[in-house]
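Undergrad: What would the 3D arrangement of this be:
(chains A and B)
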Protein chains: 2
Amino acid sequence: MAFEESEVTARLADYVVGTRPGDLPQRVRDEALRSFFNIVGCTIGGARHEIVDLADKTLAPFAGPQQATLFARGRKADILHASLINAFASSIYSFDDTHAQAVVHPAGPVAAAVLALAELRPVSGVDLLTAFALGVELECRLCKGVSVPPAKGSMAWSGTGISGGFGAVAAVGKLLKLDTEHMRWAMGIALSQASGFRAMHGSMQASMMPAQGAPIGLRAGILAERGFTASSVGLEGKYGFLSVFCETPDLDALAGGLGSRFELLNNTYKAYPCGIVIQPIIDACLQLRREKHIVANEIARVDIQASPGTMALCNNRNPKDELQAHVSLHHWVAVAFIRGTARIQDMDTETAVREPALMAFQDKVEAVLNPAIPSDGTEVTLTMNDGTRHVCKIEHCIGSATNPMTNADLERKFSDMSETVIGAARTRELVAKTWEVEALVDAGELARAAG
Amino acid sequence: MAFEESEVTARLADYVVGTRPGDLPQRVRDEALRSFFNIVGCTIGGARHEIVDLADKTLAPFAGPQQATLFARGRKADILHASLINAFASSIYSFDDTHAQAVVHPAGPVAAAVLALAELRPVSGVDLLTAFALGVELECRLCKGVSVPPAKGSMAWSGTGISGGFGAVAAVGKLLKLDTEHMRWAMGIALSQASGFRAMHGSMQASMMPAQGAPIGLRAGILAERGFTASSVGLEGKYGFLSVFCETPDLDALAGGLGSRFELLNNTYKAYPCGIVIQPIIDACLQLRREKHIVANEIARVDIQASPGTMALCNNRNPKDELQAHVSLHHWVAVAFIRGTARIQDMDTETAVREPALMAFQDKVEAVLNPAIPSDGTEVTLTMNDGTRHVCKIEHCIGSATNPMTNADLERKFSDMSETVIGAARTRELVAKTWEVEALVDAGELARAAG
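TA: Take a look at the predicted model:
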């Protein structure tokens, strides 16, 4: 490695401070835009979820002046509250982005932080996207550096919980034009608030842990800008972040190849709003239905060969509510064959989940473990009432690193989510403005258009 | 042990929910009042510190409506901001309370949270002090349970950072009259935000880590009250708090003997605003000066036998600023002999620290290690210009668990801190009202009197 452990925080701060928009290769800018586009759609999509309503209404009495837009909620609040609620909305359906190796959903806290700040301190769309790209890059590097082998981290930590504030503060610090000294303080302030563990999964707090990264990053950047100090070696210092979150960090993944190797390029986008290991099964079912003109009530049984990850996390029949439906492959197989879809509205109310036809169909679905199947693959065999059999094998599902969502896929995903919330006309306008964010003189215009 | 690990969160929640004011033994109520009194004084004392100014002024533009008093700052803000700034002020001089075994300063986040809430949702003084006592009790238990042997925790974590929100949420949940189910969610929400590591010590962020516990506890309690869910086994659940903060927790310290054994009784209060291991040396110097009528410029040398902890942390000559003065025994020996005091105003500006007479005197001071000396003891030998020698041995300093501050000592400490901030008349009124907090029908009156 070309650097010492003692240089880690300085290297990352220097990199963020010194990078100009033109320093990012075009394919990195393109992927940053795709990540940004996807998360804006997810934020709109989740904006009126009843759990988002609950969080916003409960915390609104403590919020400050109308500085930043709450997406699709018809009002503004101070940037800390607005960024918290927007980031919370972006992950409420678990439909956001995921790094292909580290279990981190990087875009939510970074996007919510920079969009809120852009309304308070105007910046160009180019600067906004550059800051967003750098924040996502550092967040993925941090999570990978403490959790992906050869790093030895605890599975118990929430990946986005412990790295989201770091991603957000890098982006915020970039927009605030902090110098290296202040950027290191800002990073230290945010790192010292890194928190979250997976025991919260399955509860409302699961989406709040990553969401906190947005206000943590904003607060840290703004405090450091005014001279509020923190350790300047927050990562590698004695009793620092690395010492508590990882006994053996992967320093090269964290701080090697800056400016030439981009973890942002390994960001992926789900095609369906459910556990990542269910995605290939839905692919197979929708493909069978379409290509073989399958009618659900002619199906006798569905046999699924599933990866170890799928069996461990999602072999759950007859979920009782939305949070359980997130992780039930049986639910999504039934939805795919009966409705030909796999959308938010197929799980977002108890009624949608417990519809009798869906429940009954699930009795026909059997998953068995096949250790040779990768987590983004599956093999589904249909047996029809007349004995006919159909097989569909998926090597790498749509949305995996090998078979990524196209821009057209992302646009369909955005529109599906957004139209039910803000209607078709406003969705078209917002889709166009989001793809064109780099053309904006004032990036705050995008946030206001999402209001 | 009389309970299973799987019952830990439930036991603590049940205990807080079920405890009535009369269930706390009188000596526990007395010590709770002493802890409360001490931290109110510390909060006033720190309220106008320049670092508190910086934090308040930087974050005020994002604060909400005037719900709760910022102590000694002449205004109000929303309860989250007010509690953050008050908790921050309470520890800015490192003059707050310390558990005799666990390195936690429990009162700050709990007091700031309950005092802010009391202005929004009126409660009696008795209920306020009961909630405060339960919060401090649980915070000390949590920190002890993950950090004091036989528990094996990492020295790197900030004790108050990782347990302060838990203490605050227990107290807030008690005031909100949560039932056990909601209390467990509230605890889960707060636990999942536990954070902070010691690399930040020596920077401004050091006092922000424990301060965050106050708004974390308030937000968690209020969210849970409205039905926002979290894991109900936040401590012991798979991938829960204990799994990440301690490989081998001491479950008995954490949740054994509830209602009969009180960690609150092991809370201690410093007599001087500096590192805990300097306290016995100041005791000795002030005693020599007083009893032997010592005049500083007649001293030829000061020889100190110091404990291992003192030598490791505070053997630092000629500090350059306030944060360095916190941990310089030489500074405080000079102050004690020259001024006959050891107060905040003896270190709170660079001028106070770098006064030439203080700097010159420090050349006469030599500390040597004596492994037989306990951390709350010392032996100081004075050699005068005429060759006379005087010796003072301190077995257990004032403010240690063995030689606690009396109520009169605490009152003097409070007044010393408070008079320079809000004057003698208002200090007298606030001292009286704080001692009598249990007589208040509306505890918010105390917070308003501290404004």
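
Undergrad: Which SSE is immediately downstream of the helix or strand bottoming out on mean pLDDT in chain A?
TA: Using mean pLDDT, DSSP states H and E, helix A:350-353 stands out as the lowest-scoring helix or strand of chain A, at a mean of 81. Sequence order places helix A:356-361 as the next helix or strand after helix A:350-353, per DSSP states H and E.

Undergrad: For that following helix, enumerate the helices and strands it packs against.
TA: Helices and strands touching helix A:356-361, by 3 or more CB pairs under 8 Å, 6 or more residues apart in numbering or on different chains; DSSP states H and E, are helix A:329-339. Bear in mind the C-beta positions are built from the backbone N, C-alpha and C, glycine included.

Undergrad: For stretch A:128-138, the averaged confidence score.
TA: Mean pLDDT, stretch A:128-138: 98.

Undergrad: Next up, phi/psi of A:R20, please.
TA: With angles defined as degrees, to the nearest 10, A:R20 sits at phi -100, psi 160.

Undergrad: count of residues packed around the residue lying closest to it once chain neighbours are set aside?
TA: Once flanking residues are discounted, A:R20 sits nearest to A:T130: 7.8 Å by CB to CB, 6 or more residues apart in numbering or on different chains. Under the neighbour criterion other CB atoms under 10 Å in any protein chain shown, A:T130 is assigned a count of 26.

Undergrad: so which helix or strand takes in A:T130?
TA: Using DSSP H and E, A:T130 falls within helix A:125-147.

Undergrad: Surely A:L446 forms part of a helix?
TA: Yes - under DSSP: H, G, I helix; E, B strand; the rest coil, A:L446 sits within a helix.

Undergrad: ok, it touching A:K433?
TA: Yes - A:L446 lies in contact with A:K433 (CB atoms under 8 Å); the separation is 5.6 Å.

Undergrad: shared neighbours of these two, which are they?
TA: With contacts taken as CB atoms under 8 Å, 6 or more residues apart in numbering or on different chains, A:L446 and A:K433 have A:L440 as neighbours in common.

Undergrad: if you count what's nearby, which of those two comes out ahead?
TA: Neighbours were counted for A:L446 and for A:K433 using other CB under 10 Å; A:L446 has more, 22 against 17.

Undergrad: quick one: pLDDT of the more buried one?
TA: pLDDT, A:L446: 98.

Undergrad: Using PDB, list the CA coordinates for stretch A:295-306.
TA: The C-alpha trace of stretch A:295-306 is given here as PDB (Å, rounded to 0.1, in the frame of the first residue of the first chain):
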ATOM      1  CA  VAL A 295     -52.800 -18.000 -16.100                       C
ATOM      2  CA  ALA A 296     -52.400 -18.300 -12.400                       C
ATOM      3  CA  ASN A 297     -55.300 -20.600 -11.600                       C
ATOM      4  CA  GLU A 298     -53.900 -23.200 -14.100                       C
ATOM      5  CA  ILE A 299     -50.800 -23.600 -12.000                       C
ATOM      6  CA  ALA A 300     -50.600 -26.700  -9.800                       C
ATOM      7  CA  ARG A 301     -47.300 -26.000  -8.200                       C
ATOM      8  CA  VAL A 302     -44.200 -23.700  -8.300                       C
ATOM      9  CA  ASP A 303     -40.800 -25.300  -7.400                       C
ATOM     10  CA  ILE A 304     -37.900 -22.900  -6.700                       C
ATOM     11  CA  GLN A 305     -34.300 -23.700  -6.400                       C
ATOM     12  CA  ALA A 306     -32.900 -20.900  -4.200                       C
END
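
Undergrad: Residues touching it, excluding its own?
TA: Contacting residues not belonging to stretch A:295-306 are listed as A:277, A:281, A:285, A:315, A:329, A:333, A:337-338, A:361, A:364-370, A:373, A:378-386 [CB under 8 Å, 6+ apart].

Undergrad: try 7 Å this time
TA: Contacts to stretch A:295-306, defined as CB atoms under 7 Å, 6 or more residues apart in numbering or on different chains, come from residues A:281, A:333, A:337-338, A:361, A:364-370, A:373, A:378-385.

Undergrad: Give me the buried subset of these.
TA: A:281, A:333, A:337-338, A:361, A:364-365, A:367, A:370, A:373, A:378-382 (16 or more other CB atoms under 10 Å in any protein chain shown).

Undergrad: which one of those residues is nearest chain B?
TA: Chain B has its nearest neighbour among those in A:A367, at 22.6 Å by CB to the nearest CB.

Undergrad: List the contacts of the closest one.
TA: Neighbours of A:A367 in contact, by CB under 7 Å, 6+ apart: A:I304, A:A306, A:M311, A:N315, A:L329.

Undergrad: quick one: which of the residues you listed is nearest A:A10?
TA: Nearest to A:A10 among those is A:M311, at 44.5 Å by CB to CB.

Undergrad: ok, that closest one - how many residues close by?
TA: 18.

Undergrad: Remind me which helix or strand A:C392 belongs to.
TA: strand A:389-394.

Undergrad: Kindly reformat the contacts of A:A367 as a markdown table containing pLDDT and secondary structure.
TA: As requested, these are exported to a markdown table (pLDDT from 0 to 100; DSSP: H, G, I helix; E, B strand; the rest coil):
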| residue | pLDDT | secondary structure |
| --- | --- | --- |
| A:I304 | 98 | strand |
| A:A306 | 96 | strand |
| A:M311 | 91 | helix |
| A:N315 | 92 | coil |
| A:L329 | 96 | helix |
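
Undergrad: got a winner among those residues for most neighbours?
TA: Of all these, A:L329 has the most neighbours under the rule other CB under 10 Å, reaching 27 neighbours.

Undergrad: Report the separation between that one and A:A357.
TA: 17 Å (CB to CB, to the nearest Å).

Undergrad: Kindly report the same for A:L191.
TA: 50 Å.

Undergrad: Tell me the spatial nearest neighbour of the residue lying farthest from the centre of chain A, not counting adjacent residues.
TA: Most distant from the centre of chain A: A:D386, at 43.1 Å, with distances by CA atoms, centre = their mean. Distances taken as CB to CB, 6+ apart place A:E298 nearest to A:D386, at 7.6 Å, with adjacent residues excluded.

Undergrad: ok so, going back, the least confident helix or strand of chain A and chain B, any residue contact?
TA: No - residues of helix A:350-353 contacting chain B under CB under 7 Å from any CB of the partner chain: none, with a closest distance of 14.8 Å.

Undergrad: before we move on, what about stretch A:5-16?
TA: No - against chain B, stretch A:5-16 shows no contacts by CB under 7 Å from any CB, the least distance being 10.0 Å.

Undergrad: average pLDDT for that stretch?
TA: On average, stretch A:5-16 scores 96.

Undergrad: what comes up buried for that stretch?
TA: Of all the residues in stretch A:5-16, those buried under the rule 16+ other CB under 10 Å are A:V8, A:T9, A:A10, A:R11, A:L12, A:A13, A:Y15, A:V16.

Undergrad: In helices, which of the contacts of stretch A:295-306 appear?
TA: Assigned to helices by DSSP state H, the following of these qualify: A:I281, A:V333, A:F337, A:I338, A:F361.

Undergrad: Return the residues in contact with the second one.
TA: When contacts are counted by CB under 7 Å, 6+ apart, A:V333 touches A:I281, A:C285, A:V302, A:V365.
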